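Q: Predicted coordinates and the sequence they were generated for:
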Amino acid sequence: MAFFLSPLHSPLAFLIFVVHLLVIARAITRPNRVPASRVAWVAVITFLPLLGVIAYLFLGETSIGRERIKRLRNTEARMPLPSDAGLANGAIDVRVRPLFDLAQSINGFKPETGNRIVLLGDPAATPEQPKADSNAAIDALVADIEQAREHVHIGFYIWLDDHNGGRVVDAMCAAARRDVQCRVMVDALGSRAFVHGLRWRQLRDAGVRVHAMLDDVPRLGHLAIGRVDLRNHRKVAVIDNRIAYCGSQNCADPEFRVKPKFAPWIDLLLRREGPVVRQAQYLFLSAWISETSEALEAIVTASPEPERFEDGVIAQMFGTGPTTRHNAMSDMFVAAMYAARDELLVTTPYFVPDEALLRALCAAPRRGVKTTIVFPARNDSMLVGNSCRSTWADLLDCGVNVLEYPLGILHSKSMTIDGEIALVGSANMDRRSLELNYENNLVVADRMLTQAIRKRQLGYMSVSRTVGIETVRAWPYHQRLLQNAIGMMAPVL
C-alpha cells in the first residue's frame, strides 16, 4: 500500500508520476507513428523510470526545429521544379507507371527520358577485388570536377581526410581557383572530424563555400526538443547542371579508416547525364538555400536546357526526410517489391524494416518471385546486426534466399526487379533511413542499366555464404533472446 500512496506523500514523486503520464500520452498521440512504435515507447517510458522520459525527449521526436522547417518550406515554395515536361503516359510500361507516380508524389519530380546513366567501377575488377569499384568511382568524380566550368555542388554524409577524400578536396580547391562556384555540404555528425580538420580550412581558404548541416539539433530553445541524431545522409554531386552522381558511396577510401576492422566498404555509385540531373540539383539546393539563405533558386532551371540522349533511359529521383511525407521511403521500397513478377534482388547493409516492408519482402516468394537479399556478414552496429538477424527466421520460412557477404561491409543499397527496374541510392532498409534521415534515391526503368547493376549484385552473391533455416534454428536460446529483444525495440532505434 505504501508504494501506491508514495506519489501522494512526496511532491517530487507525484511530479515525476505526472511527467511520465504526460510523456506516455505524447508518445501515444503523436501523429505519423505506427502502432509498434507507440507500444515500444510506452514500454520504455514505463519500465525505465525517468530514463525513459529523457530517452523520449531526445530520441522520440523527429522535429528538426520549427525555424528550419519554415525555411525549407519557404525555399521549396520559391524553387521551380526541374522540369514540367516529364513523359507521356504511354512512354512507360503500365506495370512500372504506378512506381513512378508514387515517387512523383514525394517531391513533384516527374520521370524523365533521355538520360545517360553509367554504373561506375573498374571493369577489370573481380568479386574478390571489392575496393577497385569504389576507387574507380572517385576517379570519375575527380575527372568531372577538373572539367567543371560553372559550378560544383557536392553533399556527403561522411567525408574523410584520407586519400580519396583528399583528392576530391584538391580538385574542388583547384576548381574554385578557376572561378568555378564550388559548394560543399556535409553532415555535421557524420563528417565531424573533417569539419574540424585541416581539409575543411583548405576548402574555405580556396574560396569553396562550405556548410555542416544539422549541427544544432535538437533546439533546446522554444521547447523544440527532438532526436539528437537526425542526419543528412544524402550522397549527391552536381556539376554544371550536366552531370550528377548518386549512390551509396561516401567521400572516403574503401578502407574506411575510422572503422578499419570492418573494411573495406563496398559501394555502388551512378554517374548521370540528362534531364534527371536537375532533380539532383533541386535536392541539393533546397537544403543548401534553406540552410545558408544564399539565393540560388534560378540555377535549377538555368539555361541551356539539359541534353536528352536519343538512346537514353527513363529515370526519376526522389528525396525523403523528416520534413517530407511520413513513410515515403518505406512506401517506395514496398511498391518496388510488389512490382516484381519473376525476380527480386536486394542488397542492404542495415536491415531494420518496418512491418510493411518485412511483409512485402516475405510475400514476394509466395507470389512466385525468386527473392534474394544480401547482408554483410559482419555489421559495424551491434544493435542493427542483432535486429536484422531477428528477421531471418521469417524471411527463410517464407522462401527468401538470405546471403552473407564476407569480404567487408557490403554498403551498396540496391534493388533490381525482374532485370528491368532498379532502385539505387543512399537509403538503407532501417528505421533511420525510413523515418529520420534525409535520403536520396533513383528509380530507373531500363534493361541494360538494370542488368549492369544486377551483374554487380550477382558478383556480391558469388562470394557470399547462403544462410540455411537449420542454421538459424540451431542458434542458442540466449542468442535468439538477445536478437528478438533488440528487434522488438527496433521502432525506437
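A: Cool, the structure landed.

Q: For V44, which non-adjacent residue is spatially closest?
A: G52 (4.6 Å; Cβ to Cβ, 6 or more residues apart in numbering). No exception for glycine: its C-beta is placed from N, CA and C like everyone else's.

Q: For the one you found, identify the helix or strand it belongs to.
A: helix 51-59 (DSSP states H and E).

Q: Show me what that helix is packed up against.
A: Applying 3 or more Cβ pairs under 8 Å, 6 or more residues apart in numbering; DSSP states H and E, we find helix 51-59 packed against helix 11-29, helix 35-47.

Q: For the last one, buried residues please.
A: For helix 35-47, the neighbour count (16 or more other Cβ atoms under 10 Å) marks 37-38, 40-42, 44-45 as buried.

Q: from the chain's centre, how far out does it sit?
A: 26 Å (Cα atoms, centre = their mean, to the nearest Å).

Q: who's in contact with it?
A: 20, 23-24, 27-28, 52-53, 55-56, 60, 354-355, 488-492 (Cβ atoms under 8 Å, 6 or more residues apart in numbering).

Q: I'd like the distance between L395 and V472.
A: Going from L395 to V472 by Cβ to Cβ, to the nearest Å gives 9 Å.

Q: So which residue is smack in the middle of the protein?
A: Centroid-nearest residue in the chain, with Cα atoms, centre = their mean: A427, separated by 2.3 Å.

Q: Which parts of the stretch 101-250 of the chain are helices?
A: Taking DSSP state H, counting those that start in this stretch as the test, the helices found in the stretch 101-250 of the chain are 131-146, 163-177, 192-195, 198-205.

Q: Out of those helices, flag the one nearest T301.
A: In terms of Cβ to Cβ, the element of these nearest to T301 is helix 131-146, at 21.5 Å.

Q: Flag every buried residue along stretch 98-108.
A: By 16+ other Cβ under 10 Å, the buried positions in stretch 98-108 come out as 99-100, 102-104, 106-107.

Q: Nearest to P80, out of those: which one, please.
A: Relative to P80, and with distances defined as Cβ to Cβ, the nearest of the buried residues of stretch 98-108 is N107, at 12.8 Å.

Q: Who are the contact partners of that closest one?
A: 279, 282-283, 317-319, 324.

Q: Take these and lay them out in CSV including neighbour count and pLDDT.
A: Shown next, in CSV, are the contacts of N107 (neighbours: other Cβ atoms under 10 Å; pLDDT from 0 to 100):
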residue, neighbour count, pLDDT
Q279, 29, 96
Y282, 26, 96
L283, 27, 96
M317, 28, 97
F318, 27, 97
G319, 26, 96
T324, 16, 87
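
Q: Among those, which lie within helices?
A: If you go by DSSP state H, these have 279, 282-283 in helices.

Q: closest to E294 among those?
A: Nearest to E294 among the ones in helices among the contacts of N107, with distances taken as Cβ to Cβ, is Y282, at 15.0 Å.

Q: Got the domain ranges for this protein?
A: What automatic domain parsing lists as the domains of the chain is 2-59, 66-318, 328-492.

Q: Just the helices from the stretch 301-450 of the chain, written as ranges.
A: So, for the stretch 301-450 of the chain - with DSSP H, counting those that start in this stretch - the helices run 328-339, 355-366, 382-389, 392-397, 431, 447-462.

Q: okay, the angle between the one helix or strand A485 maps to and helix 382-389?
A: Following DSSP H and E, the helix or strand that holds A485 is helix 477-488. Put simply, helix 477-488 runs at 100 degrees to helix 382-389, going by axes from the mean of the first three to the mean of the last three Cα atoms, to 10 degrees.

Q: Who are the packing partners of helix 477-488?
A: helix 382-389.

Q: Just want the phi and psi numbers for C398.
A: phi -90, psi -10 (degrees, to the nearest 10).

Q: Surely it and R367 touch.
A: No. The pair C398 / R367 is not scored as a contact, 10.5 Å apart, by Cβ atoms under 8 Å.

Q: Let me have the helices and strands packed on helix 51-59 in CSV, extended by distance to V346.
A: Shown next, in CSV, are these (distance: least, Cβ to Cβ, whole Å):
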stretch, distance to V346
helix 11-29, 32
helix 35-47, 22
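
Q: now those in JSON lines, with mean pLDDT?
A: Output for the helices and strands packed on helix 51-59, formatted as JSON lines (pLDDT from 0 to 100):
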{"stretch": "helix 11-29", "mean pLDDT": "81"}
{"stretch": "helix 35-47", "mean pLDDT": "80"}
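
Q: how about low-confidence regions in the stretch 351-493 of the chain?
A: Counting by pLDDT under 70, the low-confidence segments of the stretch 351-493 of the chain come to 491-493.

Q: rerun that using 90 as the cut-off
A: Applying pLDDT under 90 to the stretch 351-493 of the chain flags the ranges 431-432, 435-436, 484-493.

Q: what's the answer for the stretch 151-300 of the chain, then?
A: 189, 214-231, 257-258, 260, 297-298, 300.

Q: Relative to A171, which of the helices of the stretch 301-450 of the chain is closest?
A: That would be helix 447-462 among those, by Cβ to Cβ, at 25.6 Å.

Q: Many thanks, we can stop here.
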